[in-house]
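Asker: Just to be clear, the model below is a prediction. Sequence and coordinates:
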Amino acid sequence: RLRPDAIHIAKPQPINGLAGVLAALAGAALYVDCDDYEAGANRFSGAWQRQIVAQWEDRLPRMARAVSVNTHFLYDRYRALGIADRQLRYIPNGDDPRYRQPAAVQVAALRDALGLTGRPTVVYLGAMSAVAHGVNLLLDAFALVLRRIPTARLLMVGDGDDRPALMERAAALGIGDAVVWAGRVAAAAAPAYLALGDCSVDPVEDTPAAAARSPLKIVESLANGVPVVTGAVGDRREMLGDEAGVIVAPGVSGALAEGMTTLLTDTVLRATLGHGARARAEAYHWDRLARDWLTLYQ
């Protein structure tokens, strides 16, 4: 109803997409942002739902003046669907430059409140989803970590539909007492929770949906100087380089466990990678990425 000069649709899904089509018919320049592969990642109650989402994901970007994507997987996918390079912009997820490590006294108080003082700690910050975010893989891997480091703790920050089932899985694995479920926290509090970790973790299976995702949890961890353990899927190796974390074989609990164990036990490597993480974070500051967004509209 605002009759905009341009409309940028976030996610090419039916309701969002219909709004974009109507605005375009009214004269607005249509832009589409694709930051996921929803047809390959979401739960659907029927095949017909998946087909509808897939149709919008495939067709709406081809109607747009230009398309923004946040992974090379999506860039290649839409180029294969006929969208020209000049209409595509690769712009990864970013963070605010003010996203900095919180005060030490705040972190110490939070660590004590969560019972993590003196405990080697792995942090997972994100959705509690067994389908989209590989949290089952993480729990299996952490059970292996505990065999070598019985004092270790896994701090789970976030919420989601799968949380009750994941808590049951942790109990069945015998690691219930070693997993701290912090629940959903405000975005402003996320740096303090990340700072509790000797490392953070992005558990991932080798799937198209995972390759299509630009993990915000990695960007936030880099900004906070916390090294990351993740699988070699999609853009993750590019995000970390050789200096900001440990890349392991995806979908393999033993490999993920080995990566976490390495960072929990090697203090020199952990410090080196933490320093590298802050350096890598510079590439993901929004004040820099905003210039890339501007070229899309120009």
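Answerer: Everything's here; your move.
Asker: CA atoms for contacts and neighbours, from now on please.
Answerer: Will do.
Asker: Just the C-alphas of the strand or helix carrying residue 274, formatted as PDB.
Answerer: Secondary structure assignment for residue 274, by DSSP states H and E: helix 267-281. Extracted as PDB, the C-alpha positions of helix 267-281 are listed here (Å, rounded to 0.1, in the frame of the first residue of the first chain):
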ATOM      1  CA  THR A 267      45.300 -23.800  25.300                       C
ATOM      2  CA  VAL A 268      47.900 -22.400  22.900                       C
ATOM      3  CA  LEU A 269      45.900 -23.400  19.800                       C
ATOM      4  CA  ARG A 270      42.700 -22.100  21.300                       C
ATOM      5  CA  ALA A 271      44.300 -18.700  22.000                       C
ATOM      6  CA  THR A 272      45.800 -18.500  18.500                       C
ATOM      7  CA  LEU A 273      42.500 -19.300  16.800                       C
ATOM      8  CA  GLY A 274      40.600 -16.900  19.100                       C
ATOM      9  CA  HIS A 275      42.900 -14.100  17.900                       C
ATOM     10  CA  GLY A 276      42.400 -15.200  14.300                       C
ATOM     11  CA  ALA A 277      38.600 -15.300  14.800                       C
ATOM     12  CA  ARG A 278      38.600 -11.600  15.700                       C
ATOM     13  CA  ALA A 279      40.600 -10.800  12.600                       C
ATOM     14  CA  ARG A 280      38.300 -12.900  10.400                       C
ATOM     15  CA  ALA A 281      35.300 -11.100  11.800                       C
END
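Asker: ok, the residue nearest to residue 235 when sequence neighbours are not counted - contacts?
Answerer: Leaving aside its sequence neighbours, residue 235 sits nearest to residue 71 (C-alpha to C-alpha, 6 or more residues apart in numbering; 6.4 Å). Applying C-alpha atoms under 8 Å, 6 or more residues apart in numbering, we find residue 71 in contact with 35, 90-92, 211-214, 234-235.
Asker: now residue 32
Answerer: Applying C-alpha under 8 Å, 6+ apart, the residues near residue 32 are 8-12, 60-61, 64, 66-68.
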